[in-house]
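# After the sequence you'll find the predicted model.
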Amino acid sequence: MYYSKLFLHAVKERLIRWKELGVGCTTRFDFWSFYLFMLLIYCCCVVIYQNLAKSWAVIMLLPNLTIVIRRFHDSDHSGWNILWILVPIIGEVRILYSCGLQSKRDFGNKYWREMNSYF
């Protein structure tokens with residue numbers, strides 16, 4: 001019960017804050033919750049209608065990019081690491097590895113400091 005509330009809150013929060021491109025961080029739980037949600041919706045769309053799945057992927061492209069950039073910020077990496085996606089296979093593995101790294105929520109993380117200066 002508790003994890004389902006956290007899951008729904010994480011997905012809702014990411015869908016609301018997708019427009020904040022270079023600001024803030026995303027925790028590992030929020031990141032993987034959002035990607036699980038995206039995968040479930042995508043699989044349902046594939047079952048219903050193939051073109052619906054393609055449309056869903058295009059519509060959610062920008063929110064996906066922003067959450068990956070925010071995840072990089074949480075692990076104290078630059079958002080420009082998203083360009084690794086242009087390298088076939090190696091880039092995708094590198095991004096998944098980077099998104100799985102532990103958060104660095106201390107004052108040594110420059111992105112975390114910037115996020116706290118907004119509030």
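Cool, got the structure.
# quick one: secondary structure of Leu52?
Following DSSP: H, G, I helix; E, B strand; the rest coil, the label given to Leu52 is helix.
# who touches it in this structure?
By CB atoms under 8 Å, 6 or more residues apart in numbering, the contact set of Leu52 is Cys45. For every residue, glycine as well, the C-beta is placed using N, CA and C.
# separation between it and Ile67?
22 Å (CB to CB, to the nearest Å).
# for Cys45, same thing?
Taking CB to CB, one finds Cys45 at 19 Å from Ile67.
# the more surrounded of those two?
Using other CB atoms under 10 Å as the criterion, Cys45 and Ile67 rank with Ile67 on top: 22 against 17.
# Looks like the more buried one contacts Glu20 (just checking).
No: between Ile67 and Glu20 there is no contact under CB atoms under 8 Å: 10.5 Å.
# quick one: the helices in this structure?
Secondary structure of the chain by DSSP state H: the helices cover 2-16, 28-48, 50-59, 61-74, 90-99, 110-117.
# what's the most buried one of those?
Comparing these by mean neighbour count (mean count of other CB atoms under 10 Å), helix 61-74 ranks first with a mean of 20.
# Against which helices or strands is it packed?
helix 2-16, helix 28-48, helix 90-99, helix 110-117 (3 or more CB pairs under 8 Å, 6 or more residues apart in numbering; DSSP states H and E).
# measure the residue positioned nearest the centre of the chain to Ser33 for me?
By CA atoms, centre = their mean, the chain has its centre lying nearest to Ile67, at 2.7 Å. Noted for Ile67: a distance of 10 Å to Ser33, by CB to CB.
# Next: Trp56.
From Trp56 to Ser33 the distance is 18 Å (CB to CB).
# Asn51 too?
From Asn51 to Ser33 the distance is 27 Å (CB to CB).
# same question, Arg14
8 Å.
# That concludes my questions; thank you for your assistance.
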